[in-house]
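Asks: Requesting a structural model of the entry that follows:
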Amino acid sequence: MSLNAKFSTEYISIGCNRIIQVAAWGIDGLLVFGAHNLVALYYPQDESRKGVFTTLPGHTDRVNCLQFINRGHELDQRNIAIISGSADKTARIWKNSSNKRWVNSAVLIGHTGAINTLGVVRGRSILGTKDLVVTGSADGTIKIWQRSIENDLEDHIECIQTINFGARYPLSLALSYLPDSKVLIMACGSTDKRIYLYIQKNGMFHESLLLQGHENWIRSLAFATYTKAFSVSNSASVTTNLRLQKQQNYQLRDGDLLLASASQDKYVRLWKISCIDSSGNHDFDPNTSINGELSTDILFAFRESIISGDRVQLSTRAHIIDVDITDIGEQDIKKKKYSVMFEALLMAHDDWVYSVCWQPPKFLTDKEKSYYYQPMCILTASSDKSMMLWKPDTETGQWINSVRVGEIGGYALGFLGGLFGPDGKHILAHGHTGAFHLWRNEALDEDSQDWQPQVSISGHFNAVQSITWNPTNEYLISVSLDQTARLFAPWLRTKARNSSTNLVTWHEISRTQIHGYDINCIAFINQWTYVCGSDEKVLRVFDAPKTFLESLSKLTKAERITDKLESRPVGANLPALGLSNKAIFQGDIDTFVKAAESEEFLSRQSYAHSSATPNSLVQTMERPPFEEHLLQHTLWPEIEKLYGHGYELVSVGASHDGKYVASACRATSSDHAVIRIYTTDTWKEISPPLRSHSLTVIRIKFSHDDNYLLTVSRDRFWSLFERSGQGPPYKLVARNKAHSRIIWDCSWSHDDRFFVTASRDKTVKIWPMMTPSQNQWGEIATVRLSEAVTAVDFAPSSFSQTYILALGLESGQILICHSEPYNFERWHVVQAIDKASCPAASINCLAWRVYIEQSKKSSVWQLASCAADWSVRIYNADLSYR
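Replies: Model (predicted):
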């Protein structure tokens, strides 16, 4: 018999890279974003709220930018591929093959610096069998590439042009077609505060115009083609008809190309590119301003520039460029003149504007015909913590800010990018915490605005060091070098109101700790209390507040979570200048409310931070929280600090009976490579510390019956301590130089019959007790692998008389190892998890859980992993023998 193990991905949590242009939202609703060196895929409009469903490995450094490659006519356009640019100096093209698997079909090699921006063609109609993509790099060059499809798995890519920017660096790119032609125009925003326009001629791009006006780096560019408004009296509201009729008087003409540019000078500028008809029907004086007068916005900006001393170019003079045009089906070259004119200045943001995005086009339909329509609506995202929607006034044509969404107060540092959903009714932002912020327009009337926040995704934005299930396997907590501890739990609800079928999706429901130091290790003391260690050299103990227990009970439908609720604090708050999460009780909230109503409010306010609002602290969640709520209102109160270590904490463990905590710190000598034991009765250290190692103790594990304490170290030894009846709680009984390289991890079998050690020497060794009377433990089996083993965990129960191990490798691959039934000297390795579903960097920790699914009354096996690629993943295991 052989073990048949099939694993499927239940949940992936991973944070978005904290840079601009790192996300793109496709026509089919797929959102792609860079997460460390991975490309993550996610459907924000999915009603099931499944979250990230896969990640694409390939890049060897941070993913900096992403775009979709489109083909098709008007709204029949489709996403045919994804292009990603990375700090590894390459760009990669990804496409969905016929077997519904994403493949890396081409690699763009040629740059000598990180690729920071991408340009792909956008327009009303993108036809042909070849695609043009543009990459901008920190090496000061722009490269134009031509892509053609070779087969289902591969593409042919060719670099057809390189533009050298010299001492400048390209920061943003955009491509489209000139009005009434198929001639490509490329815009490039640079570090010299200028926009460079390039026109394609004979397959090559030539610099044609330089646009000045911005006073800081230009971070985003976007093209859109203006479509003439019309009446759709039978299919749209009266308000819509009136608005469209009024737009007939707007100064833009059908087919005009609009370029929006966003800059760190806090402004967004619009530029109009128009075709000058040779018939003279659109004559104008290039030296006159739009409509013969300056807009209120421009006059305001001019006045502001005088006051602040800034140099702001406000010229509305049109620039004329000559372009050689070849009509489709003809060979004759015609000369056409195009005007490029400053159109509008959008001012309302208080800080750098990082992104600008046009609302996607849509169809408007009357009785007889459907019309392609490009809404005149722009979305901007800024580091002032807001996103804004801009539309031109129907009477004057002046662009005004119609909607503002975002954050007020809190820990947030603003947004790094904003995107429109393909339906125009969703907008999304990403920022400095690795999470996405999603809003949906729930207004019944198309012209109304009622943007409401929606459940989105979040994740760590640095390496995840450790994970652990709580003792009853109800939720998972992870700690990371991003200095946060995050709690994940399932959200159970019915698929429909009258349905009895449950829908289960995983979400981050609490950010229990936001630290000032990297957090390295965690262990549960009891069901609701955990201890963690960080680079701070201090162990901190946290206990679940009442609001969390009530929210967890409601989200997971676990009615049994009711123990001693009234004695627990309502929540926790991090004071404005404090370093510890302070417990808040109901009495504190009552006092706060009364103080707020009195004249002494300012002097008596003890919760200076915005996170201490009474309503948020007592609110029981009925759905997973939004990022703003996670940041401010889901902290756990800190109940104790444990001191004693002189260097950064590396490992911590807690006995299963909740009586002892053991910890170790970074060490280069035996004096510091000690294991300190604390009692939870008094939270005091029990002297003397346990001595056995000479270098850093990497992992500490208590046996399930707490009779033994196992430690593994960089000194290549494992040490075993036995519980004693008197004196120090544990004493050294065995020690072995088990491996030839550092031992990364260890684990106990569910019955404490074996323990296992995993090492950089590419071996896993199983150790049973050979002589119980003498506490002699010997090696019974060695499993050899092709690379270093960085994580290991025994399954929490046997399966058909076999022991099962999960192994995490340095490459990120996860393997399953099992013994033969009744023969524990023979172990076999099974590749149960597809490489594409595994993390893309070293596995730092693995943790099994087995729980009873109430609807089926059957046990479900799940395996959780965390890795240096920032991800926390949960897999469903289907085990059987064949």
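
Asks: Pretty sure Ile400 sits in a strand.
Replies: Yes. Secondary structure assignment places Ile400 in a strand (DSSP: H, G, I helix; E, B strand; the rest coil).

Asks: any idea how far Cys357 is from the closest residue to it other than its chain neighbours?
Replies: With sequence-adjacent residues excluded and distances taken as C-beta to C-beta, 6 or more residues apart in numbering, Ile400 is closest to Asp393, at 5.5 Å. From N, CA and C alone the C-beta is placed, and that goes for glycine too. For Asp393, the distance to Cys357 (C-beta to C-beta, to the nearest Å) stands at 20 Å.

Asks: isn't Val538 right up against Glu640?
Replies: No. In this structure Val538 lies outside contact range of Glu640 using C-beta atoms under 8 Å: 10.3 Å.

Asks: out of Asp393 and Cys357, which sits in the busier spot?
Replies: Neighbour count, other C-beta atoms under 10 Å: between Asp393 and Cys357, Cys357 has more, with 23 against 12.

Asks: Surely the more buried one is in a strand?
Replies: Yes. Under three-state DSSP, Cys357 sits within a strand.

Asks: residue contacts, it?
Replies: Taking C-beta atoms under 8 Å, 6 or more residues apart in numbering as the criterion, Cys357 is in contact with Ser220, Ala222, Ile378, Leu379, Thr380, Gly418, Leu419, Phe420.

Asks: now the helices: where do they sit in this structure?
Replies: Counting by DSSP state H, the chain has these helices, from start to end: 238-246, 296-308, 546-556, 586-597, 601-604, 614-618, 627-633.

Asks: about what we covered before: show the buried residues in the contacts of Cys357.
Replies: The neighbour-count criterion (16 or more other C-beta atoms under 10 Å) marks Ser220, Ala222, Ile378, Leu379, Thr380, Gly418, Leu419, Phe420 among those as buried.

Asks: Around Ile83, count how many other residues there are.
Replies: By the measure other C-beta under 10 Å, the count of residues near Ile83 is 28.

Asks: From Val538, how far off is it?
Replies: Distance, Ile83 to Val538, by C-beta to C-beta: 46 Å.

Asks: So what does His36 look like in phi/psi?
Replies: Backbone torsions for His36, taken as degrees, to the nearest 10, come to phi 60, psi -120.

Asks: residues near Glu622, how many?
Replies: Around Glu622 sit 10 other residues, with neighbours defined as other C-beta under 10 Å.

Asks: Retrieve the pLDDT associated with the nearest residue to it once chain neighbours are set aside.
Replies: Using C-beta to C-beta, 6+ apart and skipping residues adjacent in sequence, the residue nearest Glu622 is Lys554, 5.9 Å away. Reported pLDDT at Lys554 in the predicted model: 90.

Asks: Surely Lys554 and Met621 touch.
Replies: Yes. Counting by C-beta under 8 Å, a contact exists between Lys554 and Met621, whose distance comes to 6.8 Å.

Asks: circling back to that earlier point, now the buried ones among the contacts of Cys357 in a markdown table, with distance to Thr757?
Replies: Below are the buried ones among the contacts of Cys357 laid out as a markdown table (distance: C-beta to C-beta, whole Å):
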| residue | distance to Thr757 |
| --- | --- |
| Ser220 | 51 |
| Ala222 | 55 |
| Ile378 | 59 |
| Leu379 | 54 |
| Thr380 | 55 |
| Gly418 | 49 |
| Leu419 | 47 |
| Phe420 | 52 |
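
Asks: closest to Leu257 among those residues?
Replies: Compare each of the buried ones among the contacts of Cys357 with Leu257 using C-beta to C-beta and the shortest gap goes to Ala222, at 11.2 Å.

Asks: Identify each buried residue in stretch 199-216, please.
Replies: For stretch 199-216, burial by neighbour count (16+ other C-beta under 10 Å) applies to Ile199, Gln200, Phe205, Ser208, Leu209, Leu211, Gly213, His214, Glu215.

Asks: Stretch 840-852 now?
Replies: When neighbours are counted by 16+ other C-beta under 10 Å, the buried residues of stretch 840-852 are found to be Ala840, Ala841, Ser842, Ile843, Asn844, Cys845, Leu846, Ala847, Trp848, Arg849.

Asks: Any figure for the gap between Leu503 and Arg269?
Replies: Leu503 sits 46 Å away from Arg269, going by C-beta to C-beta.

Asks: Over to Ser553?
Replies: The separation that Ser553 has from Arg269, given C-beta to C-beta, amounts to 52 Å.

Asks: okay, the two: which has more neighbours?
Replies: Each of Ser553 and Arg269 has its neighbours counted (other C-beta under 10 Å); Arg269 has more, 22 against 17.

Asks: ok, for that one, nearest residue in space, not its chain neighbours?
Replies: Nearest residue to Arg269, sequence neighbours excluded (C-beta to C-beta, 6+ apart): Ser261, at 5.0 Å.

Asks: Might you report the residue contacts of the one you found?
Replies: When contacts are counted by C-beta under 8 Å, 6+ apart, Ser261 is found next to 172, 187, 189, 195, 211, 214, 218, 220-221, 268-271, 356.

Asks: now stretch 559-575: mean pLDDT?
Replies: Rounded to a whole number, the mean pLDDT of stretch 559-575 is 74.

Asks: CA-only coordinates of that stretch, as PDB, when you get a sec.
Replies: Once non-C-alpha atoms are left out, stretch 559-575 reads as follows in PDB (Å, rounded to 0.1, in the frame of the first residue of the first chain):
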ATOM      1  CA  GLU A 559     -21.700  29.400  20.200                       C
ATOM      2  CA  ARG A 560     -19.500  27.700  22.800                       C
ATOM      3  CA  ILE A 561     -17.100  30.700  23.000                       C
ATOM      4  CA  THR A 562     -18.700  32.300  26.100                       C
ATOM      5  CA  ASP A 563     -16.200  31.600  28.900                       C
ATOM      6  CA  LYS A 564     -15.900  34.400  31.400                       C
ATOM      7  CA  LEU A 565     -16.700  37.100  29.000                       C
ATOM      8  CA  GLU A 566     -17.700  39.700  31.500                       C
ATOM      9  CA  SER A 567     -14.300  39.600  33.300                       C
ATOM     10  CA  ARG A 568     -12.400  40.300  30.100                       C
ATOM     11  CA  PRO A 569     -11.600  43.800  28.900                       C
ATOM     12  CA  VAL A 570     -13.700  45.200  26.000                       C
ATOM     13  CA  GLY A 571     -10.700  45.800  23.800                       C
ATOM     14  CA  ALA A 572      -7.300  47.400  23.800                       C
ATOM     15  CA  ASN A 573      -5.800  50.700  22.800                       C
ATOM     16  CA  LEU A 574      -2.300  51.900  22.000                       C
ATOM     17  CA  PRO A 575      -1.900  55.300  23.600                       C
END
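
Asks: Tell me the buried residues in that stretch?
Replies: Within stretch 559-575, the residues that qualify as buried are Ile561, Arg568, Pro569, Val570, Gly571, Ala572, Asn573, Leu574, counting by 16+ other C-beta under 10 Å.

Asks: how close does the third one sit to Phe488?
Replies: From Pro569 across to Phe488, the span is 22 Å (C-beta to C-beta).

Asks: And for the fifth one?
Replies: In this structure, Gly571 and Phe488 are separated by 19 Å, where distance is defined by C-beta to C-beta.

Asks: and Ala187, what are its bridge partners?
Replies: Ala174, Leu197 (DSSP bridges).

Asks: dump the residue contacts of it.
Replies: For Ala187, the residues meeting the contact criterion (C-beta under 8 Å, 6+ apart) are Leu173, Ala174, Leu175, Ile195, Tyr196, Leu197, Tyr198, Leu221, Phe223, Leu259, Ser261.

Asks: ditto for Phe799
Replies: For Phe799, the contacting residues are Leu3, His818, Leu879, taking C-beta under 8 Å, 6+ apart as the criterion.

Asks: Okay, now stretch 691-706: how far is its last residue from its first?
Replies: For stretch 691-706, the separation between the terminal residues is 19 Å (C-alpha to C-alpha, to the nearest Å).

Asks: what's the answer for stretch 469-479, then?
Replies: In terms of C-alpha to C-alpha, the two terminal residues of stretch 469-479 are separated by 12 Å.

Asks: Fine by me, thanks again.
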